[in-house]
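Undergrad: The following block contains a protein sequence and its predicted model.
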Protein chains: 2
Amino acid sequence: MGFIEKLNRAVSKNDSLLCVGLDVDRDKIPKDLREKPDGIIKFNERVITNTCDFVCCYKLNLAFYEAYGKEGFFSILETLDMIPDGIPVIIDGKRNDIGNTARMYAKAIFEVLKGDATTVNPYLGYDSVKPFLNYKDRYTFILCKTSNPSARDIQDLKVGNKKLYQIVAEKIKDWGENCGAVVGATYPDEVKEIREIIGKDRILLVPGIGKQGGDLKKSLGYGCVEGKNVIINVSRGIIYAEGGSPEGIRKTAERYRDEINKFRP
Amino acid sequence: MGFIEKLNRAVSKNDSLLCVGLDVDRDKIPKDLREKPDGIIKFNERVITNTCDFVCCYKLNLAFYEAYGKEGFFSILETLDMIPDGIPVIIDGKRNDIGNTARMYAKAIFEVLKGDATTVNPYLGYDSVKPFLNYKDRYTFILCKTSNPSARDIQDLKVGNKKLYQIVAEKIKDWGENCGAVVGATYPDEVKEIREIIGKDRILLVPGIGKQGGDLKKSLGYGCVEGKNVIINVSRGIIYAEGGSPEGIRKTAERYRDEINKFRP
């Protein structure tokens, strides 16, 4: 089953556009787990168990695992194994490189880690993105307008009468069917613009809700197409809720799911 | 010892501006090694043993290791251990992310893998680069004009009367002292422009010689400052020379080192 079908089934089953980001910072997890050698895995197990009926997908940001070396590497594999079959996984690596090398990154993400989708940086252009798009049943979210304050430094530069992220959105539309855009909820007007440029069928991955303070209502209003085609990612805002207790995580995930549905057009 | 001092000592000791890229594709290494479980490590040992008196640094592109999962992960660690102490290592990950996450990538590369330098993508702007620059004794090469044909798609877009890569070069100059630029030898005129923009003291990492057919003579002529401050990377052109035999690798590394020195102003 391809990513889009898998995603839409999970969206329907859990009535959710929520993606939980499994971005574990060892310094922030509850103390009893922090001290265990397999603390990251145990914490992710807690998060998955308590959120898997509220999400449409999970996202693993590789940075948080790479920072823990060998333990982190094995935690990725164990975590991926724990995610229920029907829920797609976005491997958030924001990788890219020249074609010959990008091919190896695509292999790592789609064959070794068996991700359903990934994130890719557009700065190197089409031949760096193509090796990812060659996996036709997977999906590639290309960074368009990121959620951080410095996104403006490069992405807002004026190219003729457009901004760079608008050009990138046009490229995403041209480069292939199985790619969408990353656009931060911290820039809701850009969600609108990017949706208009890339068309109705592409999926937007929208981080920046939660700790970063993005605008959920506008992002959904502008981004959704018939109540779909948007994934709202929350990481820190859920996994560390109420000290990262099972009840805190569960309650907060449900609340985010329901809040998203309230604004879902 | 900081990266620049370590680099300059290796440049002097081996009279070299050559960086060998340890980018092992299992399908391309000699058949006897390909079939061994630790084939990647054994092959890298062969490359390091036969090139370490001809290089100023090594570069590991993480894509080639990630593509081999667990084996690849351990191969990184073993390979880093085999590199002689006096030779700096560039961990080529082309990572980046929002600040909170970039911090974890910087930790992975500079603390876990203990890289002397790394490569970073500029698309997310200053707050995504800053966590790398905070490691004052390390060095960050920011992608400016990459060696691939599609580099033009985004990097050559006109921003006012400049091209995007020229703006990125200006940012590199502004963002901090301990960062330089990646610029492909396949675009030698851009090597000239970027050197003029970022000033004399920054280091240029120049791939694209060898298999990609970049212009070595011009790249050195435009990029070098007093015979230094440029690193010429060759990966495939050396490690698979003459079927990846020890003699082939050794002879070819020496030839590249000498050819670089011939054009070194």
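TA: Sure, I can see it.

Undergrad: Need the residues that contact stretch A:129-140.
TA: Outside of stretch A:129-140, the residues within contact range by CB atoms under 8 Å, 6 or more residues apart in numbering or on different chains are A:1-4, A:7, A:96, A:99, A:102-103, A:105-106, A:109-110, A:115-120, A:122, A:142, A:175-176, A:178-180, A:203. Quick note: C-beta positions are derived from backbone N, CA and C, even for glycine.

Undergrad: Those residues also near chain B: which ones?
TA: Restricting the contacts of stretch A:129-140 to those touching chain B (CB under 8 Å from any CB of the partner chain) yields A:N96, A:G99, A:A102, A:Y105, A:P122.

Undergrad: who does the helix or strand containing A:K59 pair up with?
TA: Element membership for A:K59, per DSSP states H and E: strand A:57-61. Strand pairing for strand A:57-61, using DSSP bridges, gives strand A:18-21 (parallel), strand A:89-95 (parallel).

Undergrad: Switch the ones you listed over to TSV; also include mean pLDDT and mean neighbour count.
TA: Formatted as TSV, the strands paired with strand A:57-61 follow (pLDDT from 0 to 100; neighbours: other CB atoms under 10 Å in any protein chain shown):
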stretch	mean pLDDT	mean neighbour count
strand A:18-21	98	27
strand A:89-95	97	26
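
Undergrad: Ok, which of those comes nearest A:E78?
TA: strand A:89-95 (13.2 Å; CB to CB).

Undergrad: A:I209 and A:L220 touch, don't they?
TA: No - in this structure A:I209 lies outside contact range of A:L220 using CB atoms under 8 Å: 9.8 Å.

Undergrad: who touches both of the two?
TA: Common neighbours of A:I209 and A:L220 (criterion: CB under 8 Å, 6+ apart): A:I232.

Undergrad: wait, isn't A:P149 in contact with B:N100?
TA: No - A:P149 is beyond contact range of B:N100, at 11.7 Å (criterion: CB under 8 Å).

Undergrad: Give me the more crowded residue out of the two.
TA: B:N100 (20 against 15; other CB atoms under 10 Å in any protein chain shown).

Undergrad: Name the next helix or strand following the host helix or strand of that one along the chain.
TA: Under the criterion of DSSP H and E, B:N100 resides in helix B:99-107. Using DSSP H and E, the next helix or strand after helix B:99-107 towards the C-terminus is strand B:117-120.

Undergrad: Just confirm A:D174 is within a helix.
TA: Yes - according to DSSP: H, G, I helix; E, B strand; the rest coil, A:D174 belongs to a helix.

Undergrad: Against chain B, how distant is it?
TA: Per CB to the nearest CB, to the nearest Å, A:D174 is found 10 Å from chain B.

Undergrad: Which residues of the stretch 151-265 of chain A lie near chain B?
TA: A:151-155, A:157-160, A:164, A:167-168, A:171.

Undergrad: quick one, what contacts the one residue sitting closest to the centre of chain A?
TA: Centroid check for chain A by CA atoms, centre = their mean gives A:K59 as the closest residue, at 5.0 Å. Going by CB under 8 Å, 6+ apart, A:K59 touches A:C19, A:V20, A:G21, A:L22, A:D23, A:V89, A:I90, A:I91, A:D92, A:N233, A:S235.

Undergrad: Can you spell out which residues form a bridge with it?
TA: A:K59 has the following beta-bridge partners by DSSP bridges: A:G21, A:I90.

Undergrad: Could you measure from it over to chain B?
TA: Distance from A:K59 to chain B, by CB to the nearest CB: 12 Å.

Undergrad: how much space between that residue and B:G93?
TA: Here A:K59 is placed at a distance of 19 Å from B:G93 (CB to CB, to the nearest Å).

Undergrad: Do me a favour and average the pLDDT over stretch A:193-210.
TA: Averaging pLDDT along stretch A:193-210 yields 96.

Undergrad: Compute the first-to-last residue distance for it.
TA: Across stretch A:193-210, the terminal residues are separated by 22 Å (CA to CA, to the nearest Å).

Undergrad: and it, which residues are buried?
TA: Neighbour-count burial for stretch A:193-210 flags A:193-195, A:197-198, A:202-210 (criterion: 16 or more other CB atoms under 10 Å in any protein chain shown).

Undergrad: again with stretch A:27-37
TA: Buried residues in stretch A:27-37 (16+ other CB under 10 Å): A:I29, A:P30, A:L33.

Undergrad: what's the answer for stretch A:113-121, then?
TA: For stretch A:113-121, burial by neighbour count (16+ other CB under 10 Å) applies to A:L113, A:G115, A:D116, A:A117, A:T118, A:T119, A:V120, A:N121.

Undergrad: Settle this for me: the fifth one is touching A:P88, isn't it.
TA: No - contact between A:T118 and A:P88 fails when scored by CB under 8 Å: they sit 11.3 Å apart.

Undergrad: With that, I have no additional questions.
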